[in-house]
Each structure stands twice: as structure tokens, then as C-alpha cells.
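Q: after the sequence you'll find the predicted model.
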Amino acid sequence: MEPRNLIKFGNSSFVVSLPKQWVEKNNLKKGDSIFIEQNGNEELIIVPHIKKKEELNKQITIDVNNKNIEIIKREVISSYLNNYKLVKIVGKNLVEKKNEIKRVISGLVASELVDENESEIVVKDFLNMEDVDIKILLRKIDNLTRSMMYDLKNYNEEELDEIVKRDREINKLLLLIIRTIKNSFDDPHALKSLNLPEHNQLLTIWDLSITIEKIADEIKRIARRFKRLKCDKKIKKELIDISNKIDKFYTDSMKAYYNNDKDLALSLSTSKKEISKYCNQLLEKNWKIKGVSEILENYKDITASVHNMARKTYQN
């Protein structure tokens with residue numbers, strides 16, 4: 001951080017000099033306008049220019065030749081996260097990869113396939129960042145995760161497939177959350193539309209969203225393993241009962257976050273140890289049954305994630 005002296009200019013203004021390196025990097029010259037915003041920490045944000053329309057309509061071409069599908073998926077998702085409004089996917093061997101590419105596109109909010117032929121797919125992004133409310137998105141993935149937990153603890157084999165569908169929706173919303181937060185760092189003006197004056201709040205939401213998505217992934221894995229599990233009803237009930245303990249742990253941790261209740265978060269600090277101990281006791285009795293150890297490890301992973309959520313609330 002560079003210190004700068006404040007100089008009084010006339011009766012009503014003060015002047016501060018700008019670092020030469022910053023001025024040159026942003027191609028500024030004498031007489032150019034710069035833009036100043038005040039954030040919630042009483043800090044000033046200096047922006048060299050307002051983004052031009054062409055900058056907001058970025059385009060990219062992804063060549064799929066000699067690339068495996070996993071690399072292509074990552075490039076498509078990366079173009080979404082980096083705010084490209086038009087994505088052209090081209091290649092000679094595109095036909096054999098089209099279904100996988102379309103599946104990726106269907107997992108991106110406001111992205112639509114607008115044109116395709118044997119050697120090209122054109123994807124247009126219709127997202128308007130000003131319509132995005134990141135706090136509502138966080139609530140949505142939280143509520144979806146709670147509903148997954150509910151279906152798990154009220155075990156019904158027919159409902160377990162719904163858990164997998166909700167996990168896909170959470171993945172979709174998580175990418176939108178990451179894109180929105182990333183955009184706010186690239187464009188300080190975006191902070192106003194998010195109604196979040198401080199970047200550290202955004203980082204907290206980013207971290208919390210990724211943790212919730214990880215918890216949802218583990219619930220999905222447990223649901224799949226329950227469908228394959230061969231054991232008597234008593235053991236299955238004991239395994240399902242763990243969901244009740246974790247559900248309360250998760251719900252209370254999110255309540256502590258929303259209310260910034262450090263006392264509640266701190267009171268939950270022993271829950272991880274208690275749930276893990278119960279999991280270990282079940283494992284000792286049932287380790288020979290195929291699938292039990294994996295389910296219990298999934299439960300312990302969820303417990304560790306929820307524990308970290310609560311800890312961040314009382315440590316912040």
C-alpha cells in the first residue's frame with residue numbers, strides 16, 4: 001500500500017496524486033475522466049473507465065479438435081464464468097461430442113444453444129447480471145440441500161432419484177454464484193447491483209456456497225449407496241437416523257450464519273465429535289456389510305463440512 005498526501009485545492013476540494021504506474025497501465029492521460037465510488041467501509045474505489053458495450057459482449061471460439069470431452073467441458077464452463085456472451089464451439093469431430101456438450105450447456109443458467117450444424121455449435125448467453133440477487137441464490141441452494149436431507153432421513157426409495165435431480169440444480173446455481181462474484185471483482189460497479197458493499201461478504205458467500213454444494217454431493221452419494229445396500233431394516237434405520245442428527249446440525253449452522261449468531265455457532269462446536277463417534281460405533285458393529293463403511297464416511301465428510309461452516313461464523 002502506497003501512502004499519498006492530501007493537498008487542499010481551493011475552498012471546497014482536496015487533491016491526491018495517482019500512481020504513475022496505474023495511470024500508464026490503464027492508458028490514461030491528462031484530461032481523461034476517472035470514476036470514484038464509495039463502498040460500505042468508507043473506502044474509495046477508483047475505476048479508470050466504464051466498461052464499453054463491446055467489452056460486455058465478449059465472444060470466444062472453442063476448437064474441439066484433438067481434445068477429450070473433459071477438457072471441452074472445462075473450456076465451455078470457463079467461458080461462462082468469464083462472462084462470454086457468445087460462444088462458438090467448432091471442430092471436425094464435433095458430432096460425436098455434441099450430446100455431452102449440450103448436457104454441459106443445459107447446466108448453465110441463461111445459456112441457450114441458438115445454432116448448430118455438423119461442425120459448429122453456437123451458444124448465446126442471455127444473463128443480465130442486474131437481475132441476479134446473490135443472497136437469494138444462496139437461499140435457494142440452501143433450501144435445495146435441506147430438501148435433499150429431508151428425503152434422505154424420510155427414506156423412500158422412489159424419492160431418492162429426486163435427490164440426484166436437486167443436486168444437479170445446485171451445481172447449476174453454484175456456477176451462477178461463482179460467475180456473479182467473479183464479475184463483481186472484475187467490475188466494481190457490479191457491487192451496487194448485488195447490494196453487497198464489501199468484497200469480504202462475497203468471499204464468505206463464495207466459500208459457503210461451495211461448502212453447501214459439497215454437502216449436497218455427499219447426500220447424493222449416500223442416496224445412491226442406500227439403493228444398493230443389502231442389510232436388515234434395523235441397520236438401515238440406524239444409518240438413516242444419522243441423517244436426523246446431521247440435518248439439525250446443518251440447519252442450526254445455517255441459522256447461525258444468517259443471524260450472525262456467534263453464540264449458537266460456538267455451541268455447535270462439539271457436534272462433529274459426537275456424530276463422528278456415533279458413526280464409528282456403527283462401523284464397529286457393521287463393517288462386514290458392503291456399503292456401510294462408505295455411507296458412514298460420507299456422513300463424516302458432511303459433518304466436517306458443516307463444522308467448518310459453523311466455525312467460520314463464530315470466528316469471523
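A: Sure thing, it's come through.
Q: and the gap between I210 and I141?
A: According to Cβ to Cβ, to the nearest Å, I210 stands 10 Å off from I141. Yep, even glycine has a C-beta here, placed from its N, CA and C like the rest.
Q: hey, what's in contact with both of these two?
A: L174 (Cβ atoms under 8 Å, 6 or more residues apart in numbering).
Q: which residues in the stretch 51-200 of the chain form strands?
A: In the stretch 51-200 of the chain, the strands defined using DSSP state E, counting those that start in this stretch lie at 59-63, 86-90, 111-117, 120-125.
Q: who are the packing partners of the first one?
A: Here strand 59-63 touches helix 69-81, strand 86-90, going by 3 or more Cβ pairs under 8 Å, 6 or more residues apart in numbering; DSSP states H and E.
Q: name the surrounding residues that touch the shortest one.
A: This points to strand 86-90. Everything outside strand 86-90 that qualifies as a contact, by Cβ under 8 Å, 6+ apart, is 57-64, 72, 76, 79-80, 101, 119-125.
Q: next up, phi/psi of S33, please.
A: phi -90, psi 140 (degrees, to the nearest 10).
Q: P3 too?
A: According to degrees, to the nearest 10, P3 has phi -80, psi 140.
Q: for it, give me the pLDDT.
A: Listed pLDDT for P3 reads 81.
Q: which of I210 and I141 has more neighbours?
A: I141 (24 against 14; other Cβ atoms under 10 Å).
Q: so which of the helices and strands packed on strand 59-63 gets nearest N200?
A: Smallest distance to N200 across the helices and strands packed on strand 59-63 (Cβ to Cβ): 20.7 Å, for helix 69-81.
Q: what comes up buried for that closest one?
A: 72-73, 75-77, 79-81 (16 or more other Cβ atoms under 10 Å).
Q: again with stretch 299-316
A: In stretch 299-316, the ones that count as buried by 16+ other Cβ under 10 Å are 299-314.
Q: repeat that for stretch 214-222.
A: Those would be 215-222, for stretch 214-222 by 16+ other Cβ under 10 Å.
Q: which outside residues touch that stretch?
A: With Cβ under 8 Å, 6+ apart as the criterion, stretch 214-222 contacts 141, 144-145, 148-149, 152, 163-164, 166-167, 170, 250, 294-295, 298-299, 301-302, 305-306.
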